[in-house]
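Engineer: Return atomic coordinates for the entry below.
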Amino acid sequence: MTARHLVLVGPTASGKSALALEVARLLGDVELVSADSMQVYRGMDIGTAKATPSEQQQVPHHLLDLADPAEDYSVARFQADAAEAIVGIESRGHRALVVGGTGLYVQAVVDGLALPGEWPELKAELEAQPVDQLHRRLTRVDPLAASRIEPGNGRRLVRALEVTLGSGRPFSSFGPGLGAYPPTRFRLAGVWLPRPVLAERIAVRYRAQLENGFLEEVRRLQGHMSRTARQALGYRELLAHLAGASTLEEAVAAATSRTRQFARRQRAWFRRDPRITWLGAPGNPVDLLPALLGDWSIP
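Structural biologist: Residues are numbered from 1 along each chain as shown. Take a look at the predicted model:
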């Protein structure tokens, strides 16, 4: 099987987007497809490290700005949008470079996952319940799923319970995490940085985002964000700060800590996939460019 398209994964702040942009600039027949669950939201630009308007003019970007922050954008919707985008890319004789760190979104594209349905009335009922109660309930009915979800992540707890109770099947029985990694038409590569380097990149990025207006962005969006959008890294903490629950310094420290924890979970998620070729860099991820080009040969 010839792998025409490439998927580039890695933890947040690992530099994969900058690396992907350089690949697309060099090859000329490549269009970028974002696999980031928060970059789909319009107006959430600084905090999600979305490609700038200038970068989007240089290289075609897909699956950015698809939904209003007040919407609950789903993986099923992403899967359909990604399929449509890739068909369009192929019709132009180009290749897709899918880049992102949302593991479920990536696997939905790569493996065409059969995704569980939705039960809106049940979801609404669950959303009215306290988060700690949701976690206890999920622990009873699907302990494996409960072990994979942060106790405070109400959005994911609601979804796991919605699927488990609505379908009669444990949420953990759907999708990834089952060790099934079949052949795929995509080539997969991953960016791997030393943990201290990644931790410093996360801290530096938050400082730069604040200087570029991240807090003002959150202030404009507050009151117009869905439960899903409010969980985005950095946004949740800055919303708490704006509500008077913390100082700005405390909010940034909490966001930095949660982002480092999230990066560890991303590493664990992607490391399970034996199809990924890992490319390690001691510092600057753009240094991986020759290795990535060598792994994804020009047809």
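Engineer: Find the residue closest to residue 203 in space, skipping its chain neighbours.
Structural biologist: Leaving out its chain neighbours, the residue that sits closest to residue 203 by Cβ to Cβ, 6 or more residues apart in numbering is residue 256, at 5.6 Å. Quick note: C-beta positions are derived from backbone N, CA and C, even for glycine.
Engineer: Tell me which residues touch the one you found, please.
Structural biologist: By Cβ atoms under 8 Å, 6 or more residues apart in numbering, the contact set of residue 256 is 202, 203, 206.
Engineer: Just give me the neighbour total for the first one.
Structural biologist: Just to be clear, that refers to residue 202. Residue 202: 21 surrounding residues under other Cβ atoms under 10 Å.
Engineer: Wasn't the residue nearest to residue 203 part of a helix?
Structural biologist: Yes. Assessed by DSSP: H, G, I helix; E, B strand; the rest coil, residue 256 belongs to a helix.
Engineer: Could you tell me which of the contacts of residue 256 belong to helices?
Structural biologist: 202, 203, 206 (DSSP state H).
Engineer: Could you provide those residues in CSV, with additional columns for distance to residue 149 and pLDDT?
Structural biologist: As requested, the ones in helices among the contacts of residue 256 are exported to CSV (distance: Cβ to Cβ, whole Å; pLDDT from 0 to 100):
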residue, distance to residue 149, pLDDT
202, 22, 98
203, 26, 97
206, 24, 98
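Engineer: okay, the residues you listed in CSV with distance to residue 282 next?
Structural biologist: Shown next, in CSV, are those (distance: Cβ to Cβ, whole Å):
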residue, distance to residue 282
202, 17
203, 18
206, 22
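Engineer: Packing partners of the strand or helix carrying residue 57?
Structural biologist: Counting by DSSP states H and E, the element that carries residue 57 is helix 53-58. Helix 53-58 is packed against helix 16-27, with contacts defined by 3 or more Cβ pairs under 8 Å, 6 or more residues apart in numbering; DSSP states H and E.
Engineer: can I assume residue 5 is in contact with residue 186?
Structural biologist: Yes. The pair residue 5 and residue 186 qualifies as a contact (Cβ atoms under 8 Å) at a distance of 5.0 Å.
Engineer: Please identify every residue contacting each of those two.
Structural biologist: Common neighbours of residue 5 and residue 186 (Cβ under 8 Å, 6+ apart) are residue 98.
Engineer: Give me the more crowded residue out of those two.
Structural biologist: residue 5 (23 against 20).
Engineer: Now do the phi/psi pair for residue 193.
Structural biologist: phi -120, psi 150 (degrees, to the nearest 10).
Engineer: That one reaches residue 16, doesn't it?
Structural biologist: No. With contacts counted by Cβ under 8 Å, residue 193 stays clear of residue 16, the gap being 10.0 Å.
Engineer: Please identify every residue contacting each of the two.
Structural biologist: Contacts common to residue 193 and residue 16, judged by Cβ under 8 Å, 6+ apart, are 10, 285.
Engineer: phi, psi of residue 91?
Structural biologist: phi -60, psi -20.
Engineer: how close does residue 236 get to residue 217?
Structural biologist: Look at residue 236 and residue 217: by Cβ to Cβ, to the nearest Å, they are 14 Å apart.
Engineer: Kindly report the same for residue 201.
Structural biologist: Distance from residue 201 to residue 217, by Cβ to Cβ: 20 Å.
Engineer: Identify the residue nearest residue 32 in space, chain neighbours excluded?
Structural biologist: Closest to residue 32 by Cβ to Cβ, 6+ apart is residue 61, at 4.9 Å.
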